[in-house]
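*Asks:* Task: produce atomic coordinates for the following.
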Amino acid sequence: MARPLVLGNGRILICEDERGTIRDVYFPRVGLENHGHSIRAGICDLNLSRRCSWFEDWSPVQRYKSSFRQGFLKGSTILLGDPEPDEGGFVSGLISNIGETTFRSPAMGLEVVLFDAVHPSEKVFSRIFEVRNISDEKRDLRLFSNQNYRLLESKIGETAVVDRDVLIHYKRDRYILHGSDPLFDQYATGTAEWRGLEGTWREILEDGLLSGNPVAHGSVDSTLGWTISGLGAGGSRRVHLWIALGKSYRSVMSSHRRLKRGEMASLYKTSFNFWNSFLERVSVLPEAGLMDRLPERVREIFYRSLIATVAHMDVNGSVIASSDSEIRQFGADLYSYSWPRDAAWACIALDRARYHHLSGEAFQFFAKTITDRGYFLHKYTPAGDFGSTWHPVPMIQIDETGLPLFALHFNWLCARNVWTAGRYFGSIVTPAAGWLLRTLDESGLPKASFDLWEERKGIFTYSTCTVYAGLLGASELARTLGDDDLSEAWSAGAERVRAAVISRLYDERLGRFRRSVDDPDLDSSLFAVWWFGVLPPDDPKVRRTMEAVERELSRPSGGVARYEGDRYGGRMNSWIICTLWLASWHAAVGNFERGLELIKWCADHAHPTTGLLPEQVADDGSPRSVLPLTWSHAAFVLAVLEYLAALREKEGKRDPGKTG
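*Replies:* Modelled structure (predicted):
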């Protein structure tokens with residue numbers, strides 16, 4: 001099950017599945033220590049039927065809220081309700097990071113709208129339940145929320161305790177506090193998932209009542225209840241539940257008291273303003289004036305992609321591949337690691353959009369994780385430790401060293417910040433470029449390593465192109481900082497690599513580039529030849545290669561597969577990134593209609609209501625593997641900006657931000 005709603009601030013990350021149940025609660029690092037298992041809510045009819053039901057069974061509709069009452073923009077609080085068709089005073093089409101899930105049950109005569117938001121800077125997650133009576137009768141109801149965590153990723157040794165007006169789950173130095181307005185009037189803590197005991201939710205489903213047990217330890221869960229009496233036909237009532245995370249009792253109680261005093265009363269407004277101010281930076285781009293030339297759906301996914309990319313970044317600089325923990329259902333591991341490759345592409349996209357401060361945080365992470373010999377290993381935890389791997393020693397994918405080096409140079413081209421270039425020259429550039437240079441053989445090819453798909457070992461065109469780009473970028477940085485000797489050595493190395501790509505990896509018989517020295521197969525990653533500047537996009541060798549990719553790897557759904565016979569996640573699924581690589585090439589050679597068609601295909605295959613992008617799309621159009629994937633969103637940002645830059649250049653407007 002995907003994660004169509006993700007809400008975070010670099011310190012915590014909350015992810016909801018397609019039924020509106022919270023599955024992932026990452027804290028204190030994004031992607032590390034997932035304390036989630038399930039937070040789900042429901043309601044009981046306290047009148048004659050005594051019927052109780054989970055909201056997740058009501059076929060919920062999820063989205064990021066995009067329409068707000070005009071008064072919200074002026075006042076101190078947010079008015080979250082939807083406008084009636086003829087009602088004025090609303091602002092629509094805005095981009096927010098406020099989740100809105102609508103649960104509707106005609107059988108129970110109820111509709112519940114749930115608004116979720118994470119404070120931009122506080123470790124606080126807020127939920128507002130708006131319970132609406134859509135029947136013709138007055139109702140007595142009980143709203144309930146069940147919390148089943150796995151603190152420190154285990155059900156062992158946890159405590160759940162009610163302390164006056166709060167419920168707290170804790171283990172060691174991990175505390176999760178729950179407070180509300182109005183105060184909950186029913187509660188229970190108890191044993192869950194142990195010796196046949198399922199949890200306290202059983203109590204409320206049986207008769208709508210909770211036992212009031214104030215403390216439980218071991219494998220526990222908890223349930224809170226709020227009685228809603230006398231709700232008239234067509235009426236509505238609100239319950240505000242807040243969840244504070246911290247490393248001590250004192251810290252979560254401090255957040256709770258501030259919430260009670262009203263110091264975070266404008267949490268939703270703060271979240272809305274923060275993310276809209278964040279996106280305003282795009283307006284400084286030379287391409288901003290052409291944004292209205294894009295279809296509305298493409299614009300929506302572009303802005304959502306910026307927020308989604310940042311949501312997967314930790315304040316300590318790691319960038320995880322995906323927050324979707326459901327992938328472990330299909331294997332024994334997760335996507336919540338920081339691959340240097342994925343992180344570098346995120347940096348490139350953020351720098352292209354002028355979010356240089358964010359890529360700077362990732363460079364700090366690179367400086368922390370690079371090995372003494374100057375290369376990066378397979379992948380890392382968000383804390384910077386070496387992650388799990390399926391590669392034998394030396395566990396290297398050489399593009400994961402070339403790409404961070406290129407990303408640092410790309411940052412210089414976009415930001416022209418000599419402080420950043422100088423700061424990381426000694427810690428990243430010098431060791432990485434030195435190591436890449438030492439890997440080259442007499443022909444100029446780097447030594448064999450695993451490919452970007454992490455499936456086979458060899459000397460690959462894509463990887464070799466990133467080595468070229470990394471060495472060339474290092475040379476330019478060295479020249480900028482006045483080290484002519486290193487600049488010349490790295491430039492000469494880059495030229496050797498470039499010559500080897502053209503002479504050793506282009507196949508005259510096939511009329512296109514090969515996947516690797518020993519493998520003639522076609523691969524969508526061959527876009528690297530032109531994207532990293534080995535040859536221009538309109539070079540005949542490039543053109544024949546990209547035309548072959550489009551001809552042989554296009555899928556019935558309209559997207560592009562990685563390579564012939566790919567079976568990861570299904571047979572030859574389309575990949576968002578591969579489709580966008582082809583879109584960027586079409587834009588680069590002036591085929592704007594086809595380029596936009598491919599970009600629009602990706603936008604159309606984002607989650608239909610929340611706009612998050614998957615890794616893959618099956619031939620029937622359904623998402624496969626994880627959703628969201630950070631790389632998909634970074635690639636979307638890049639493809640859109642490259643398309644607009646090419647369009648702008650065609651129309652004779654010089655682009656001062658163009659970087660090649």
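
*Asks:* what comes up buried for stretch 364-373?
*Replies:* Buried residues in stretch 364-373, counting neighbours by 16 or more other C-beta atoms under 10 Å, are found at 364-367, 369-370. Placement of C-beta: from N, CA and C, glycine included.

*Asks:* Can you check the distance spanned by it, start to finish?
*Replies:* Using C-alpha to C-alpha, to the nearest Å, the end-to-end distance of stretch 364-373 comes out at 18 Å.

*Asks:* what's in contact with that stretch?
*Replies:* The contact list for stretch 364-373 (C-beta atoms under 8 Å, 6 or more residues apart in numbering) reads 316-319, 338, 340, 343, 376-377, 380, 384, 404, 408, 424, 427-428, 431-432, 435.

*Asks:* From these, list the buried ones, please.
*Replies:* Taking 16+ other C-beta under 10 Å as the criterion, what is buried in these is 316-319, 338, 340, 343, 376-377, 380, 384, 404, 408, 424, 428, 431-432, 435.

*Asks:* Tell me the helices and strands packed up against the helix or strand where residue 242 lies.
*Replies:* Assessed by DSSP states H and E, residue 242 sits inside strand 236-246. Judged by 3 or more C-beta pairs under 8 Å, 6 or more residues apart in numbering; DSSP states H and E, strand 236-246 is in contact with strand 22-29, strand 124-133, strand 174-181, strand 220-231, helix 249-260.

*Asks:* Could you list the paired strands of that strand along with their orientation?
*Replies:* On the basis of DSSP bridges, the sheet neighbours of strand 236-246 come out as strand 124-133 (antiparallel), strand 174-181 (antiparallel).

*Asks:* what angle sits between the following helix or strand past the longest one and strand 220-231?
*Replies:* Sequence-wise, the next helix or strand beyond strand 124-133 is strand 139-148, with elements assigned using DSSP H and E. Compare the direction of strand 139-148 with that of strand 220-231 by axes from the mean of the first three to the mean of the last three C-alpha atoms, to 10 degrees and you get 160 degrees.

*Asks:* Restrict strand 139-148 to CA atoms and write it as CSV.
*Replies:* Output of strand 139-148 as CSV, limited to C-alpha atoms (Å, rounded to 0.1, in the frame of the first residue of the first chain):
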residue,chain,number,x,y,z
ARG,A,139,-27.1,12.0,16.8
ASP,A,140,-25.1,10.9,19.8
LEU,A,141,-21.6,9.7,18.8
ARG,A,142,-18.3,8.7,20.1
LEU,A,143,-15.2,9.5,18.0
PHE,A,144,-12.2,7.3,18.9
SER,A,145,-8.5,7.1,17.9
ASN,A,146,-6.4,4.0,18.4
GLN,A,147,-2.6,4.2,18.7
ASN,A,148,-0.5,1.2,18.1
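
*Asks:* Next secondary structure after that strand?
*Replies:* Read in the C-terminal direction, the helix or strand following strand 139-148 is strand 158-163, with elements assigned using DSSP H and E.

*Asks:* CA atoms of that next one as CSV?
*Replies:* Extracted C-alpha coordinates of strand 158-163, given in CSV (Å, rounded to 0.1, in the frame of the first residue of the first chain):
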residue,chain,number,x,y,z
GLU,A,158,6.9,0.1,25.8
THR,A,159,4.7,1.9,28.2
ALA,A,160,1.4,3.7,27.6
VAL,A,161,0.1,5.9,30.4
VAL,A,162,-2.6,8.5,30.9
ASP,A,163,-1.3,11.4,33.0
